[in-house]
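K.L.:
Okay, structure incoming, though there's no sequence with it:
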């Protein structure tokens, strides 16, 4: 299997201004200084975390999706991040995985942040997805999903007899007062699932006066940080080594003793 080079972009967001955010991220993407396979943006990267879905939601294959497809093709890299979608009269906090060919997959946020009334506006997702890219299996999740370990558990695939995924990916607008929770749970998810974990958060303040401290992180399967935690703008690229991951899983196969279970959707 090939190694996987991944870039995340930690940035402030222009409040509820899609055009400004897309222009800003385009500048950041052109500043990436080495070839990369995947580019990850935060949750609701084109608006910030907003409950103003009626105003901000886009239909499928509209402005932001067209932009993601264009940039993915230009960079020859997957573009990944979530934004607000209106689909069949319902609003979703939807993560998109957009490949250079224009092919895409999506995941709808399962756990909606009720303390911010997200559950009153958006419809929860009903299923997980695992995407495949360059021989890697990747599970994308969104922000509040991080608090629910069962939803992200790396189970044994019944057909192959091996773990379902290699990389667990979270995009977020995770507020500053709960930074320690973010840091702790990202490491916990890496350890319990014996996988790489990437968490991409924003910085700055939003239009509701909520502050964000970033702390975007790449964490290996031993729970070790691969980057310095930053509270400022950051474009970080690292290569994930598949052979090292496989060797560790074979040497220390905790996953073989995991409990078997099914999730009710």
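P.N.:
All right, it came through fine. For clarity, every value in this text was computed on a predicted model and none was experimentally measured.
K.L.:
just checking, what packs against whichever helix or strand residue 106 is part of?
P.N.:
Counting by DSSP states H and E, the element that carries residue 106 is strand 104-108. If you count contacts as 3 or more C-beta pairs under 8 Å, 6 or more residues apart in numbering; DSSP states H and E, strand 104-108 packs onto helix 63-75, strand 90-98, strand 136-142. In short, each C-beta sits where N, CA and C put it, glycine included.
K.L.:
7 Å instead, please
P.N.:
Applying 3 or more C-beta pairs under 7 Å, 6 or more residues apart in numbering; DSSP states H and E, one finds that strand 104-108 contacts strand 90-98.
K.L.:
Show me what the strand it packs on is packed up against.
P.N.:
Short answer (3+ C-beta pairs under 7 Å, 6+ apart): strand 90-98 packs on helix 63-75, strand 78-87, strand 104-108, strand 136-142.
K.L.:
that older thread, ok, and what's touching the strand holding residue 106?
P.N.:
For strand 104-108, contacts defined as C-beta atoms under 7 Å, 6 or more residues apart in numbering pick out 92, 93, 94, 95, 96, 97, 98, 125, 129, 131, 140.
K.L.:
contacting residues around stretch 112-121?
P.N.:
Residues outside stretch 112-121 that contact it (C-beta under 7 Å, 6+ apart) are 51, 53, 91, 122, 124, 144.
K.L.:
of all those residues, which comes closest to residue 254?
P.N.:
Of all the contacts of stretch 112-121, residue 144 has the smallest distance to residue 254: 26.4 Å, by C-beta to C-beta.
K.L.:
which residues does residue 154 contact?
P.N.:
Per C-beta under 7 Å, 6+ apart, neighbours of residue 154: 163, 164, 165, 193, 194, 195, 255.
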